[in-house]
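Colleague: Generate coordinates for the sequence data below:
(one chain, ligands or ions: 1)
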Amino acid sequence: MSSTWFNTLGIQEAQLAANVRPTFSILSLAVASTVLLLGVALQRADSQFERAHGCGTPRPLQYKWPFALDLVIDAFRIIAEKQALQWFVQIFERTGPTFEQNVLGVKGIDTVEPDNLESILSTQFSDKLLGSGFDSQAQNVDPTFAPLLGDGIFTQEAAPWKHSRDMLRPLFSLNRANIFTQVEEHTEYLGKLASLRLFESFLDALIQQTRDPKVLRDQLLNVMLAGRDTTARCLTWTFRLLAQHPHVLAKLRQEIGSVVGLGTGSRLPDRNDLKRMKYLNPVFKEVLRLYPSVSINSRTALEATTLPTGGGPDGTKPVMIRKGEAVGYSVYVMHRLKKLYGEDAASFRPERWDPDMKNAVDLKNIGWGYLPFNGGPRICLGQEFALLEAGFVVVRILQKFRSFELGSKDKDVVAGTEN
Ligand code: HEM
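Modeller: This next block holds a predicted model:
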């Protein structure tokens, strides 16, 4: 007879067979039938909801093994190779712009349809779909990010978020007298001291609103996190793409030369100069199209709701989102859709944004198909500030350097497969 942990407690298996197993069987039967009944009831409620809202079933994410284990294994490998974003592009190309995933038993919807993004970020904002789906009535902050970021604009939802947004908005007003000087100093010296001065300037403005040290610390940390790596990523990609596209670099330098001059003795640009540089803006637009700093994101349903498109055999019907289900969206993938940007969607071509040029695809009404700074009430607070800072940096560096090139190991890397 094999030894079990029951033996160690001095209970004989025969006794167990006689007394425990029937009770256990009845219990498990009761639990199983309750779960089954609940499942059927939920399924029926879902079907009723779907019928009432004219929803269609979204396409399923394709996988070969149960629970999508093959995809999970692929994901580990692809993340290690730092090719996750390209992998997402391929998955959406294969499956379609909206699909349902059921990975390891967890269901969710993924989409890159502009209409759905408008619904997620604007029409249904704070009503049905929120950041991390935590219960903002019961808890004030997102429990996942709170240990890192405290109680600030990024981790909050609903009323506390609104309060933070109202409090922080004035800090970003470009009319604040000294903000451009700080950007200048920051860029000219790119040193610790200048960064500290910029930080101090934010702190000064925030102190006008509150003196609570925890609020000051948490909000500053949130703003620093929001503004640092995002702008750094934008600048990194700008210089890389300029090095790979010398004709764009030459055109930009020519513009800079005609507005503020090039080389030693050239003057610093001010805000109006940057506005007058008509090519600088499309260059950043194109950089942030191909390499948006926030490439993937998600929202969670507070109650059952729908997205306008992606259901049914041709993907044109609304799609149901169950309560608690996450909706993932990838601006990176959306910005590379040929349906939106044409056959050359993967190419870096700032001219595609020029309204005076004849382009195969007119991007005047791209709307929710272009979202590097997000959209709706939670749109990036630092958008203008970031473009001003990045513009200043690019102009100053291009005034000093005629050209630059990629390191030898980077030269042959195909766009989109960089790691
Ligand atoms: C190129 C640079 C930047 C990009 C691409 C960018 C992009 C974004 C995006 C996509 C979001 C939305 C995140 C979400 O809701 O899930 C966001 C939010 C935010 N950004 Fe930026 N950002 C940039 C620079 C900055 C800078 C420089 C600052 C401040 C100094 C800043 C401050 C914020 C704040 C405070 C939020 C939160 C807004 C809210 O939740 O209401 N960002 N940004």
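Colleague: ok, now which ones touch Ala84?
Modeller: Residues in contact with Ala84, defined by C-beta atoms under 8 Å, 6 or more residues apart in numbering, are 75, 78. Heads up, the C-betas are built off the backbone N, CA and C, glycines and all.
Colleague: Just give me the neighbour total for Asp229.
Modeller: The number of residues packed around Asp229, counting by other C-beta atoms under 10 Å, is 13.
Colleague: any idea how far it lies from the ligand?
Modeller: 9 Å (C-beta to the nearest ligand atom, to the nearest Å).
Colleague: This protein: strands as residue ranges?
Modeller: 59-60, 98-103, 106-111, 129-130, 296-301, 305-311, 317-321, 326-330 (DSSP state E).
Colleague: Quickly, which of these bottoms out on average pLDDT?
Modeller: When mean pLDDT is averaged over each of those, strand 129-130 scores lowest at a mean of 67.
Colleague: What parts of the stretch 201-350 of the chain come near the ligand?
Modeller: Taking C-beta under 6 Å from any ligand atom as the measure of proximity, the stretch 201-350 of the chain contacts the ligand at 223, 226-227, 230-231, 234, 288, 293-294, 297.
Colleague: Tabulate those residues (a markdown table), appending neighbour count.
Modeller: Below are those laid out as a markdown table (neighbours: other C-beta atoms under 10 Å):
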| residue | neighbour count |
| --- | --- |
| Val223 | 22 |
| Ala226 | 21 |
| Gly227 | 19 |
| Thr230 | 20 |
| Thr231 | 18 |
| Cys234 | 22 |
| Leu288 | 24 |
| Ser293 | 21 |
| Val294 | 17 |
| Asn297 | 18 |
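Colleague: and which of the residues you listed is nearest Pro372?
Modeller: Leu288 (3.7 Å; C-beta to C-beta).
Colleague: Next up, the contacts around that closest one.
Modeller: 234, 372.
Colleague: can you check Ile153 too?
Modeller: 161, 164-165, 168, 219, 222-223, 226, 381.
Colleague: Pretty sure Ser293 sits against Thr238.
Modeller: No: in terms of C-beta atoms under 8 Å, Ser293 does not count as a neighbour of Thr238; the distance is 11.6 Å.
Colleague: what do those two both touch?
Modeller: In contact with both Ser293 and Thr238: no residue, using C-beta under 8 Å, 6+ apart.
Colleague: Can you pull out the low-pLDDT segments for the chain?
Modeller: Counting by pLDDT under 70, the chain contains low-confidence ranges at 1-24, 126-141, 174-198, 419.
Colleague: Could you list the domains of it?
Modeller: For the chain, automatic domain parsing gives the domain ranges 14-52, 166-293+372-410.
Colleague: Can you go through the contacts of Ile153 and name the buried ones?
Modeller: Among the contacts of Ile153, those buried by neighbour count (16 or more other C-beta atoms under 10 Å) are 161, 164, 168, 219, 222-223, 226, 381.
Colleague: need these in a markdown table with distance to Asp142, can you?
Modeller: Formatted as a markdown table, those follow (distance: C-beta to C-beta, whole Å):
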| residue | distance to Asp142 |
| --- | --- |
| Trp161 | 10 |
| Ser164 | 13 |
| Leu168 | 17 |
| Gln219 | 15 |
| Asn222 | 11 |
| Val223 | 16 |
| Ala226 | 14 |
| Leu381 | 18 |
